[in-house]
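Colleague: give me coordinates for this.
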Amino acid sequence: MQVQTKLGELLNPLLEVDDEAWGMYAFRRDILNRRIPPETKREMLKQARSCGTEYAQRMMLEYGTCDVRVLAERMNLKLEFKDALMTGKRVLFASYTPPDRIEIMDEPLRRAAEQMREAGPGLVELFPQAGIMNTILGHEIYHFVEDRFAQEIYTRTERILLWKLLGLKNYSTIRTLSEVGAMAFTQELNRLRYSPFILDVLLYYSYDSASAETITRDVLGVSSGKV
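Modeller: Numbers count the residues shown, from 1 in each chain. Next comes the predicted model:
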């Protein structure tokens with residue numbers, strides 16, 4: 001019988017966390033978190049998820065594929081693979097640079113795949129290296145789609161008022177909604193049975209296992225209604 005590793009112990013309960021809990025966790029890391037009431041956040045999250053799913057279906061219909069690599073090619077996106085990039089204490093796993101460039105760091109993918117081979121029964125099938133890459137790519141494609149439909153797409157048009165002075169008003173988009181939309185987009189494209197947010201733990205684990213454990217505790221705390 002295979003003994004479950006620490007990573008397996010972290011991932012298994014996260015597979016059961018619902019979309020709202022992941023979204024509320026993402027909001028906790030947003031600088032605008034305290035400006036938005038909880039009930040408003042829940043409604044925003046619901047709309048952001050619906051937005052991501054809707055645009056995934058629209059792109060599949062427009063380009064005739066749900067294969068994210070084919071989709072990227074048909075969108076004329078430039079896909080590059082690089083080594084992991086450290087930004088301070090954080091590892092950058094992927095990035096979209098307007099107008100058409102997506103970079104994916106392949107070292108974290110390799111490290112995650114190696115970890116998964118020992119993570120416990122069933123998990124390695126859920127997170128193959130190619131599947132992890134496709135999930136990340138789908139996420140970044142959404143940010144390209146946001147640019148294309150910036151005037152109409154919910155995750156760009158939803159804004160909150162930061163300040164007003166002498167008749168002037170300053171509004172801001174909400175980064176969390178963009179991330180939630182991107183997760184729903186790639187989840188729909190890749191037909192995932194779990195939230196792509198779980199990759200935050202999986203990819204980060206081989207670089208900083210303590211931080212990955214902290215993320216897991218925080219997410220499970222949100223999921224169970226703890227402060």
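Colleague: so where's this structure shaky on pLDDT?
Modeller: 1-4, 84-90, 120-121, 226-227 (pLDDT under 70).
Colleague: pretty sure W163 sits in a strand.
Modeller: Yes. Assessed by DSSP: H, G, I helix; E, B strand; the rest coil, W163 belongs to a strand.
Colleague: residues contacting it?
Modeller: Contacts for W163 (CB atoms under 8 Å, 6 or more residues apart in numbering) come out as 169-170. Using the backbone N, CA and C atoms, a C-beta is placed for each residue, glycine as well.
Colleague: before we move on, what about the one 10 residues further on?
Modeller: With contact taken as CB under 8 Å, 6+ apart, T173 is in contact with 155-156, 158-159.
Colleague: so which of those wins on neighbours?
Modeller: T155 (29 neighbours; other CB atoms under 10 Å).
Colleague: was I right about that residue contacting F149?
Modeller: No. Counting by CB atoms under 8 Å, T155 stays clear of F149, with 9.6 Å between them.
Colleague: ok, now how distant is the residue sitting furthest away from the middle of the chain from I160?
Modeller: Largest separation from the mean C-alpha position in the chain: L166, at 38.6 Å (CA atoms, centre = their mean). Between L166 and I160 the distance is 20 Å, computed by CB to CB, to the nearest Å.
Colleague: sorry, back to before: among the contacts of T173, which two are most distant?
Modeller: Farthest pair in the contacts of T173 (CB to CB) is T155 and R159. Separation: 10.5 Å.
Colleague: what touches both of these two?
Modeller: Contact criterion CB under 8 Å, 6+ apart; residues shared by T155 and R159: 173-174.
Colleague: export stretch 135-154 as CSV, just CAs?
Modeller: Extracted C-alpha coordinates of stretch 135-154, given in CSV (Å, rounded to 0.1, in the frame of the first residue of the first chain):
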residue,chain,number,x,y,z
THR,A,135,-4.3,24.5,-16.9
ILE,A,136,-1.8,27.3,-16.6
LEU,A,137,-1.9,28.0,-20.3
GLY,A,138,-5.7,28.3,-20.2
HIS,A,139,-5.5,30.7,-17.3
GLU,A,140,-3.1,33.0,-19.2
ILE,A,141,-5.2,32.8,-22.4
TYR,A,142,-8.1,34.3,-20.4
HIS,A,143,-6.0,37.4,-19.7
PHE,A,144,-5.6,37.8,-23.5
VAL,A,145,-9.3,37.4,-23.9
GLU,A,146,-9.9,40.1,-21.3
ASP,A,147,-7.8,42.5,-23.3
ARG,A,148,-9.7,41.6,-26.5
PHE,A,149,-13.1,42.1,-24.9
ALA,A,150,-12.1,44.8,-22.3
GLN,A,151,-15.1,47.0,-23.0
GLU,A,152,-17.6,44.3,-22.3
ILE,A,153,-16.2,41.5,-20.2
TYR,A,154,-17.4,41.5,-16.6
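Colleague: list the buried residues for it?
Modeller: By neighbour count with 16 or more other CB atoms under 10 Å, stretch 135-154 contains the buried residues 135-146, 149, 153-154.
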